[in-house]
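J.: Here is my input, please return the structure:
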Amino acid sequence: MRNAANNTKLVLLFAMTLVFVYSSALFASAYTPPAAPESVTIDPGKFLFIDTHTNRNGIGEVDGYMYIDFPTYSYNSNTNTLSSWFNVNGFNDTTKLVIGGGMSLSGTAGSGAGTGLTPYSTTFKENEFYVDADYTIHIFYNSDWRTVKVGETWTNVVETKPMKGTGKYVNTYTVKNYGLLDKSQLHQPTPRPTQTNIPSPTSTPTPVVSPTQMITRNLSGFAGSDTNGIKDYSGFKVEVENRFGSAYTNINGYFSLDVSMFDTPSDVHTAIISKPGYLTRKIPLNLVRNNIELGSAKVPLVMLSGDANNDNAINMSDAILIAKLFNKTTADKDFNPAADFNTDAVINVADVVCVAKNFNTTGDSYKRPAVYNIHNTYANIDQIFNISMPEGGFAGITYKYSIESEEMIKFVSKTSSPAPYPDGFGKTTWTFEALRPGKTSITFTCRDDSEKYYIDILGMPPPPTTPTPPSTPTPSDNTGIDSALLSKTTISTNSEEKIVVGKNIIYCPTFQMAWDGLKGIIGGDVKLSANPPIADILNKGFPMENSLNPKSYLSMAGYGQKTIDNINTSLKEKFGESAPQLNNKIAADSIIAYSYLSKNSNFAKEFDNFDSMGFSTGSEYSLVKGFGIEQNSENTDDLSKQVQIYDYKSDDDFIVKLIPEDKTEEIILAKVAPDENLYKTYTSVMKRIDGNSPEQFEFKDKLFVPNINFNITHSYNDLKGQISNPGFEQYNIDTALQNTKFVLNRKGSILSSYGIIILAGSGPKPDYSKKLIFDGPFMVILKEKGAPNPYLTLWVDNYEILERAIVPANN
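T.: Have a look, this model is predicted:
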């Protein structure tokens, strides 16, 4: 007995000695993630406010006068209140830090500002910021770390030369630490009504809030162990906090988990990876936008072993437990598999080493792993293809690419366009060539999350999936049909346009966006001497910035020919060489407001083609071309994946979603009885979608959608006339135009639209199959997924904008 006791003591002493020896010897060389700065305690009723800003002041002749019109907040130093003109998504009881950011223009560079507020529930974000106990902020800004104490302001002034002109820019970068504010000191607007609240007939247009829907995203990746010699990486549990379901890794460490969630872009989800004997790993993610991959087969997520008692910390408690279990095997009743880190069926020195090398680490010691936003696409063999991403910003984001198989894909070139303003994002395009058929990937890495493109290279060219667009509209080459020639189609700027039997309605917000730019120049609502009702509607119109991806539109306003030059330059930078160009010539004191929107949504597989189908409304009937899925079609299996049916009540009352390749876009078709106006009908449709789960398109069903193809230019003649705003009485609106081109067919949809305003001085057997036939009045809605407002709304009530079918001579 005495020998046994002595042996136990020797083993314990040996184990503890190893712990301390390995702790000091291995910390510098073994994989030990550096600990993040300690979280700073902040009263739940308060938050730390940090403001960052860039001012670009033009002196002398510079590139041109620009106007920015998107300020979203202000700070009142007298009352110590922070006022936001939009609801701050994510600001709640857990918020510890709010960072404001933006830029402004002054001098000959331009005028106006664009700003935004971002809340954080943490006081540390790797490579971005961390907070000390005295609320000093350390923030990575303007390409370096800046340290600012409470009440202090960091300022840096840099002079730069313009691309054109003999003047200069004086760029002033500032970071101000306002210290702690009460959460009651952040003033936000009263939430706007959602789609379930229908405005009264006398109410003004209200921004439509898209319903929050359930979506499914995939979380996949590879997990591994830091323990040498392990070849079986199975058994790691993967789950997402507050979401149903979990997955376990296979022998190679691979896992795949489908996660259902609400479609709320601001939501942050937490992936949790755990296994007995390992420190639990938590990784914050945003799964709403993309499927996500964590780690890779070559570089998996490394899990830290040594947590024998599973308290998410590796310390003396684990060392003592290992000592007590030393030399235990699977044959012993008190064998603990959680302490057998190398899974060799015995608890020995190898397991002691695991505790030693990770001694004093916790679940918070993990560094953020490689996180990849996943994109799936394809290319044809020998095809040249491009991948574009924004680079720059105040954080100085840059990407490096790597090709999984250079035998299959070859890098060709890289081109970059400069940012339109300091701290803005420029566009970088990488060009590649597909060499051999097969599947491979291209990864773009940066300091933050990275982008991974899985490329499926096809051996033979597939049918083209991009609709052929009409020529791009320009105000100087006005090829669109004059709306005055279309007696049955209304071009409207009013979201509450009344629906009239037999009349189409086209509502696209580009003219409203141009009008908002004009309001920014004038400094408020635009007043006209004739006081036309349309001016009041436009002045009350809702902004579209929160409903559109910035990559899809351009909106600018300013004075003189330099503004037109800046618009043309910005159009090319954002939309490429095929972008529209303004050829207008205006005087130096003239005002121009312009907006342009471009959207292209392709279907992964072309729908069936219909050469002739009937379309009727009231007493009118016409044959039109269309697309869809033929009943019992051999393509149903593939095409049905692109169709979702909502709230089918009858063949004359249903809603269909067509799913493009780009899952951030939505094409919604609603064959419904209209409400009195466009807004109420849209609200009713979205409410029905929100309240119902999608049905699957079945083999016995049929879908028919008429082709839509129009190019219409509309002149808002009621707006032409004298401005009555003080200081602008000498101005007249000479030009008020909108052009909208739209194509919807079996291949997808293409939309391009611009708005421009120029002010110059001076009984049978029941059939249970569903006939989804849009052969009568229906609504078309195009919007970004999760966006509160659509970027195109049509009410189709006659064939005037449909593609007419060719009637055979013998008919």
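
J.: how would you label the spatially most central residue of the chain: helix, strand or coil?
T.: With distances taken as CA atoms, centre = their mean, Arg289 lies nearest the centre of the chain, 5.8 Å away. State at Arg289, reduced to three classes by DSSP: H, G, I helix; E, B strand; the rest coil: coil.

J.: So it versus Asp662, what's the distance?
T.: Taken as CB to CB, to the nearest Å, the spacing of Arg289 relative to Asp662 amounts to 12 Å. C-betas here are computed from N, CA, C, even on glycine.

J.: next one: Asn711
T.: According to CB to CB, Asn711 and Asp662 sit 23 Å apart.

J.: What are the contacting residues of the host helix or strand of His714?
T.: Using DSSP states H and E, His714 falls within strand 708-715. For strand 708-715, contacts defined as CB atoms under 8 Å, 6 or more residues apart in numbering pick out 470, 473, 478-484, 486, 489, 491, 506, 736-745, 780, 794, 796, 801-803.

J.: ok, now stretch 53-65?
T.: Residues outside stretch 53-65 that contact it (CB under 8 Å, 6+ apart): 100-111, 115, 142, 162-174, 394, 421-423, 558-560, 562-563, 565-566.

J.: let's see it at 7 Å
T.: Around stretch 53-65, the neighbours that count as contacts under CB atoms under 7 Å, 6 or more residues apart in numbering are 102-110, 162-174, 394, 421-423, 558-559, 562-563, 565-566.

J.: Now list the buried members of the residues you listed.
T.: Using 16 or more other CB atoms under 10 Å as the burial test, those include 102-110, 162, 165, 167-174, 394, 421-423, 558-559, 562-563, 566 as buried.

J.: Go through those and flag which are in helices.
T.: Mapping the buried ones among the contacts of stretch 53-65 onto helices (DSSP state H) picks out 562-563, 566.

J.: From Lys783, how far off is Met303?
T.: Using CB to CB, we find Met303 at a distance of 42 Å from Lys783.

J.: What sits closest to Gln383 if chain neighbours are left out?
T.: Distances taken as CB to CB, 6 or more residues apart in numbering place Ala434 nearest to Gln383, at 4.9 Å, with adjacent residues excluded.

J.: Could you tell me how many residues sit around the one you found?
T.: If you count neighbours by other CB atoms under 10 Å, Ala434 ends up with 22.

J.: Run through the residues that contact it.
T.: When contacts are counted by CB under 7 Å, 6+ apart, Ala434 touches 379-383, 385, 409, 457.

J.: Weed out the non-buried ones from those.
T.: 379, 381, 385, 409, 457.

J.: So Leu117 is in contact with Gly101, correct?
T.: No - in this structure, Leu117 is not within contact of Gly101 by CB atoms under 7 Å, at 8.1 Å.

J.: does Asn549 really touch Glu784, like I thought?
T.: Yes - contact criterion CB under 7 Å: Asn549 and Glu784 qualify, at 6.1 Å.

J.: Compare neighbour counts for these two and give me the winner.
T.: Neighbour count, other CB under 10 Å: between Asn549 and Glu784, Glu784 has more, with 21 against 12.

J.: which non-adjacent residue is nearest that one?
T.: Thr664 (5.7 Å).

J.: how about a markdown table for the ones in helices among the buried ones among the contacts of stretch 53-65, with pLDDT and distance to Tyr646 added?
T.: A markdown table is the format used below for these (pLDDT from 0 to 100; distance: CB to CB, whole Å):
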| residue | pLDDT | distance to Tyr646 |
| --- | --- | --- |
| Lys562 | 93 | 49 |
| Thr563 | 93 | 44 |
| Asn566 | 94 | 44 |
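
J.: Share the number of residues neighbouring Glu293, please.
T.: Glu293, neighbours per other CB under 10 Å, totals 22.

J.: Can you name the element that comes right after the helix or strand containing it?
T.: Glu293 belongs to strand 291-294 when assigned by DSSP H and E. With elements assigned by DSSP H and E, the helix or strand that comes after strand 291-294 is strand 301-303.

J.: who's in contact with that next one?
T.: Counting by CB under 7 Å, 6+ apart, residues outside strand 301-303 touching it are 31, 221-226, 236, 273, 275, 278, 281, 294-295, 369.

J.: Can I get the buried part of those residues as one PyMOL selection?
T.: Remark: buried members of the contacts of strand 301-303, expressed as a PyMOL selection using 16+ other CB under 10 Å:
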select buried, resi 221+222+223+224+225+226+236+273+275+278+281+294+295+369
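
J.: Pick out the lowest-pLDDT one from the contacts of strand 301-303.
T.: Among the contacts of strand 301-303, Tyr31 carries the lowest pLDDT, at 36.

J.: Quick one: the helices in the stretch 401-550 of the chain, in order.
T.: With DSSP state H, counting those that start in this stretch applied, the stretch 401-550 of the chain shows helices at 510-522, 533-539, listed in chain order.

J.: For the protein, which element, helix or strand, carries the lowest mean pLDDT?
T.: Lowest by mean pLDDT, DSSP states H and E among the helices and strands of the chain is helix 2-26, with a mean of 44.

J.: which stretches of the stretch 51-200 of the chain form strands?
T.: Remark: strands assigned in the stretch 51-200 of the chain by DSSP state E, counting those that start in this stretch are 66-70, 73-76, 81-84, 97-107, 110-120, 124-125, 129-131, 137-141, 144-148, 153-160, 168-182, 186-187.

J.: Excluding its own residues, what touches the last one? List them.
T.: Read it as strand 186-187. Residues outside strand 186-187 that contact it (CB under 7 Å, 6+ apart) are 81-84, 91.

J.: Closest to Trp430 out of the buried ones among the contacts of Ala434?
T.: Phe385 (9.6 Å; CB to CB).

J.: Would it be right to say that the closest one lies in a helix?
T.: No - read with three-state DSSP, Phe385 is strand and lies in no helix.

J.: any idea how far Gly392 is from it?
T.: Counting by CB to CB, the separation of Phe385 from Gly392 is 23 Å.

J.: And Thr41, by the same measure?
T.: 35 Å.

J.: higher neighbour count, the two?
T.: Using other CB under 10 Å, the more surrounded residue of Thr41 and Gly392 is Gly392, with 18 against 9.

J.: Looks like that one contacts Ser417 (just checking).
T.: No - in this structure, Gly392 is not within contact of Ser417 by CB under 7 Å, at 10.2 Å.

J.: got any residues that touch both of these two?
T.: Counting by CB under 7 Å, 6+ apart, the contacts common to Gly392 and Ser417 are Gly426.

J.: and the closest residue to Glu152 other than its chain neighbours, what is it in contact with?
T.: Distances taken as CB to CB, 6+ apart place Asn177 nearest to Glu152, at 6.0 Å, with adjacent residues excluded. Applying CB under 7 Å, 6+ apart to Asn177 gives the contacts 50, 137, 148-152.

J.: tell me the domain boundaries of this structure?
T.: As given by automatic domain parsing, the domain ranges for the chain are 46-187, 210-304, 374-458, 509-602+713-760, 608-709+772-801.

J.: Quick check: which of those is nearest to Asn358?
T.: The closest of the domains of the chain to Asn358 is domain 210-304. By CB to CB, the value is 4.9 Å.

J.: what sits against the nearest residue to Asp638 once chain neighbours are set aside?
T.: Take Asp638 and drop its neighbours on the chain: the residue closest to it by CB to CB, 6+ apart is Lys605, 5.2 Å away. Taking CB under 7 Å, 6+ apart, we find Lys605 in contact with 638-639, 642.

J.: again with Pro509
T.: 544, 791.

J.: Backbone dihedrals for it, both of them.
T.: phi -80, psi 10 (degrees, to the nearest 10).

J.: Against Leu538, how distant is it?
T.: Separation of Pro509 from Leu538 (CB to CB): 11 Å.

J.: Which residues does the residue nearest to Gln383 form beta bridges with?
T.: Beta-bridge pairing of Ala434 under DSSP bridges involves Ile409.

J.: Right, I'll call it a day here.
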